[in-house]
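[1] This is the structure alone, sequence omitted:
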């Protein structure tokens, strides 16, 4: 973040980032939207978050990378595909100087949708 003010929306978060990374953030946002069309956008922990029956995924920009936070379950599930990236228990770093791995991100988001939908009580499932 280039500002200390509270961010109220994903649009505002992206607008406050350096111009050279806004396109990457919009691309990531679009990938997530396509993979989880029923998720809603919000700001949680002062970073962009997609919400669907709970937090789905988060992302944030840092110097040199985009942090993508799909939860520990997704990191474990896709460990083999994530080997080339720096990861931690619930996060992966996608370098800003490389194209985003769109297919992998899409698969991870769809996995998270499945996890979150499984948490929904049967009476609310459509």
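    The structure has been received and is ready for your questions. In this text the structure is predicted, and so the values were computed from the model without any measurement.

[2] Run through the helices of the chain in chain order.
    10-15, 19-35, 72-77, 102-119 (DSSP state H).

[3] Give the buried residues for the first one.
    When burial is assessed from 16 or more other Cβ atoms under 10 Å, helix 10-15 yields the following buried residues: 10, 13, 14. For the C-beta atoms, the positions are set from N, CA and C on the backbone; glycine is no exception.

[4] Kindly state the pLDDT recorded for the last one?
    It refers to residue 14. At residue 14, the pLDDT value in this model is 97.

[5] Distance to residue 28 for the buried residues of helix 10-15 - can I get that in CSV?
    As requested, the buried residues of helix 10-15 are exported to CSV (distance: Cβ to Cβ, whole Å):
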residue, distance to residue 28
10, 11
13, 12
14, 10
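
[6] Closest one of those residues to residue 78?
    residue 10 (23.7 Å; Cβ to Cβ).

[7] In contact with that closest one, which residues?
    With contact set as Cβ atoms under 8 Å, 6 or more residues apart in numbering, residue 10 has these partners: 29, 41, 42, 43, 48.

[8] what separates the third one from residue 68, distance-wise?
    The one in question is residue 42. To residue 68, residue 42 is 17 Å away according to Cβ to Cβ, to the nearest Å.

[9] of those two, who's got more company?
    Neighbours were counted for residue 42 and for residue 68 using other Cβ atoms under 10 Å; residue 68 has more, 27 against 14.

[10] Report the beta-bridge partner residues of that one.
    Beta-bridge partners recorded for residue 68 (DSSP bridges): residue 59, residue 92.

[11] do the same with residue 41
    Here residue 41, judged by DSSP bridges, has bridge partners residue 50.

[12] Tell me which residues touch it, please.
    Counting by Cβ under 8 Å, 6+ apart, residue 41 has contacts 9, 10, 29, 48, 49, 50, 51.

[13] Could you rerun that using 10 Å?
    Applying Cβ atoms under 10 Å, 6 or more residues apart in numbering to residue 41 gives the contacts 9, 10, 11, 13, 29, 32, 33, 48, 49, 50, 51.

[14] Relative to residue 9, how far out is it?
    Distance from residue 41 to residue 9, by Cβ to Cβ: 7 Å.
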